[in-house]
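J.: give the three-dimensional model of this entry:
(chains A and B)
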Amino acid sequence: DSGVTQTPKHLITATGQRVTLRCSPRSGDLSVYWYQQSLDQGLQFLIQYYNGEERAKGNILERFSAQQFPDLHSELNLSSLELGDSALYFCASSVEGGRQPQHFGDGTRLSIL
Amino acid sequence: GESVGLHLPTLSVQEGDNSIINCAYSNSASDYFIWYKQESGKGPQFIIDIRSNMDKRQGQRVTVLLNKTVKHLSLQIAATQPGDSAVYFCAEAQGAQKLVFGQGTRLTINP
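T.: Just a heads-up that it's a prediction; the model follows:
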């Protein structure tokens, strides 16, 4: 158990809809990262937050947004969903940012019908 | 462009043998590398990391080797067990903020 909690584990929805994925980092970790894992793209970094502030952005679509709250949990919002958004979405956390291990949750599997 | 890749997509080994999983990286400025293990239905699990000021680091049954000259990283697993079956990813830290992952190698253990 990594200590990172993601909910829900599975999500099935339709094109055009909006969903929110939630992540609780390990106790004491200030940085939260979001990744997308699909069969053809592997693990892709989306965005990082550190202590409530956005720190780095990767290949995150404009239809996607995230935030980190004062209690350090984070949410990833996906809107105007398309079939290609079907993937596993992982959250990871680390004590700070940078050159240290990131610990991953077990992900949310998003299926778009 | 900059990328992290793996030499082999699949690797089969006999139980009890040593496994070696390889990874090539292209960004000579990268200074931090991590190996993760991902089992089916689970998130990536941290195995071991290494900084660029080291050539070798050992953990429990695992060793990571870093060859900066040829930009190559390897993970050695000693006395491979059935529980080692998984997909293994190397990742490279760029800009001290994000990890860039390779495509992964599936390790299967033959009894």
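J.: which residues does B:D49 contact?
T.: By Cβ atoms under 8 Å, 6 or more residues apart in numbering or on different chains, B:D49 lies in contact with A:Q100, A:P101, B:Y32, B:F33, B:I34, B:W35, B:R57, B:V64. Every residue, glycine included, has its C-beta placed from N, CA and C.
J.: any idea how many residues pack against the nearest residue to the first one once chain neighbours are set aside?
T.: Nearest residue to A:Q100, sequence neighbours excluded (Cβ to Cβ, 6 or more residues apart in numbering or on different chains): A:S94, at 5.2 Å. Here the number of neighbours of A:S94 (other Cβ atoms under 10 Å in any protein chain shown) works out to 22.
J.: can you check the one 4 residues further on too?
T.: The local packing count at A:G98 equals 15, with neighbours defined by other Cβ under 10 Å.
J.: so where's chain A shaky on pLDDT?
T.: Along chain A, the parts satisfying pLDDT under 70 run over A:40-41.
J.: coming back round to it: what about the contacts of B:D49, which are in strands?
T.: Cross-referencing the contacts of B:D49 against strands under DSSP state E gives B:Y32, B:F33, B:I34, B:W35, B:R57, B:V64.
J.: and the residue nearest to A:Q100, how far from B:S26?
T.: 24 Å (Cβ to Cβ, to the nearest Å).
J.: got it, and A:G105?
T.: Plainly put, A:G105 is 29 Å away from B:S26 if you go by Cβ to Cβ.
J.: of the two, who's got more company?
T.: Using other Cβ under 10 Å as the criterion, A:G105 and B:S26 rank with A:G105 on top: 26 against 13.
J.: and the strands in chain A, which stretches?
T.: A:5-7, A:10-13, A:19-24, A:31-38, A:42-50, A:53-57, A:64-68, A:74-78, A:87-94, A:103-104, A:108-112.
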